[in-house]
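A.B. asks: Kindly generate the corresponding structure for this input.
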Amino acid sequence: MFEFQHLWWLICSIIIIVHPWIVYPDDGGGLRLLEMSVPSLADPRDPLRLSCHFTMGGEELNSVKWYKDEEEFFRYMPLQNPAILTFPVAGVHLRPVIPSSHSHNIYYSNNYNSNNNYHRNGVIGDDKAQLYCSKSHCTIELVNLTRVHSSGAYKCEISSEGPTFRVVFSTTNVTVAAIPKERPRVTGLKAVYHPGDIINVSCMSSPSEPPSTISFLINGKPPPQSGAVSETIHSHPDQDGLVASSATMKIPAEKSLFLGPSSAMELRCVSQIPAVPQIPPHHTALTTIFKSPHSYLSNQTWMEWSKNSGSRNSHIFSLYLISYLMLQIF
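C.D. replies: Numbering: from 1, shown residues only. You can find the predicted model right below:
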């Protein structure tokens, strides 16, 4: 019985000591995390902005910390000197920072290069109002992102000074991928096709990373088996490591593919990145028409026929013209 009471008092003592540290963001008082702004998809060609907004609720700020996959890479402690500490983490390259004249604010310099050389004596640019840490929010930027090493779970953690020692945090998963900047480009499609023609088209995507895959749709459906679609081919990486993708399609110009009174066919090229499903597909749609043998007669032929017919056969010409127009429609 004595051992049980001793264990009980030990558990109660631990709870009393630990309780001030266990705080939820929406408890209604003291330190609260208002918003964490981190995109779920980041383009390696652009800086990645991470931002946390919070309210101290009358408490004193101890620190703001940023983590990637539970590894701390940035710490802001306004009551310490230096106020900022950074830690090396794979795939994380912070935009250089310079101290400001304000005691509780740290601003970020616009002056950096691809070699990560810090320009601490540079002039702070127009982004000064958005890029800083204070007692109400902390915004940082990452540069030189890579898909493999910079993707991951980014966490913002804010803590207050004693006696409460509150801790609040939020986490967002970030995927780094180079999104195609333009729609895919279709070449080789003619304005008009006739019986016996071959539809021979190519489609190329805008550079991306991971590479795109190319597919074709005819009137919203996959091409018929009578056609041949090549495998997607990838180009050599460009200076940014991005790859363009291309594919070709050859298919007989069959009358059944051209629909409606105008005998039109819609060809659509679809470029998508299966490895990153949150990137929507990119489409390019073009329309072509089909003309049967009776439409080969040119306007010049009609004019010559009408001229040679004379007034005596004008009514025959009119009937022939009406028949011709009806065939074009039906």
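A.B. asks: just checking, residue 201 is part of a strand?
C.D. replies: Yes - counting by DSSP: H, G, I helix; E, B strand; the rest coil, residue 201 is part of a strand.
A.B. asks: so what's residue 85 up against?
C.D. replies: The contact partners of residue 85, taken as Cβ atoms under 8 Å, 6 or more residues apart in numbering, are 74-75, 77. Heads up, the C-betas are built off the backbone N, CA and C, glycines and all.
A.B. asks: ok, now residue 77?
C.D. replies: Residue 77 touches 62-63, 83-85, counting by Cβ under 8 Å, 6+ apart.
A.B. asks: Same question for residue 174.
C.D. replies: Residues in contact with residue 174 (Cβ under 8 Å, 6+ apart) are 38-42, 48, 150-154.
A.B. asks: Go through the residues you listed and name the one nearest residue 171.
C.D. replies: Set against residue 171, the nearest of the contacts of residue 174 by Cβ to Cβ is residue 153 (5.4 Å).
A.B. asks: Surely the closest one and residue 175 touch.
C.D. replies: No - look at residue 153 against residue 175 with Cβ atoms under 8 Å: they stay out of range, at 10.7 Å.
A.B. asks: Which one of those two is surrounded by more residues?
C.D. replies: A count of neighbours by other Cβ atoms under 10 Å puts residue 175 above the other of residue 153 and residue 175, at 17 against 13.
A.B. asks: beta partners for that one?
C.D. replies: Residue 175 has these beta-bridge partners by DSSP bridges: residue 41.
A.B. asks: One more: residue 54?
C.D. replies: Residues in a beta bridge with residue 54, per DSSP bridges, are residue 33.
A.B. asks: wait, it sits on residue 36?
C.D. replies: No - using Cβ under 8 Å, residue 54 is not in contact with residue 36; the gap is 9.1 Å.
A.B. asks: Please identify which of these two sits among more neighbours.
C.D. replies: A direct count of neighbours by other Cβ under 10 Å for residue 54 and residue 36 places residue 54 higher, at 23 against 18.
A.B. asks: and the more buried one, what does it touch?
C.D. replies: By Cβ under 8 Å, 6+ apart, residue 54 lies in contact with 31-34, 136-137, 158, 168.
A.B. asks: wait, residue 283 sits on residue 270?
C.D. replies: Yes - in this structure, residue 283 is within contact of residue 270 by Cβ under 8 Å, at 5.7 Å.
A.B. asks: list the residues that contact both of those two?
C.D. replies: By Cβ under 8 Å, 6+ apart, residue 283 and residue 270 have these common neighbours: residue 184.
A.B. asks: okay, those two: which has more neighbours?
C.D. replies: Neighbours were counted for residue 283 and for residue 270 using other Cβ under 10 Å; residue 270 has more, 18 against 13.
A.B. asks: Mind pulling the model confidence for the more buried one?
C.D. replies: Residue 270 carries a pLDDT value of 97.
A.B. asks: where does it fall, phi/psi-wise?
C.D. replies: Main-chain dihedrals, residue 270, degrees, to the nearest 10: phi -120, psi 130.
A.B. asks: okay, now the nearest residue to it once chain neighbours are set aside: neighbour count?
C.D. replies: Leaving aside its sequence neighbours, residue 270 sits nearest to residue 215 (Cβ to Cβ, 6 or more residues apart in numbering; 4.8 Å). Counted with other Cβ under 10 Å, residues neighbouring residue 215 total 18.
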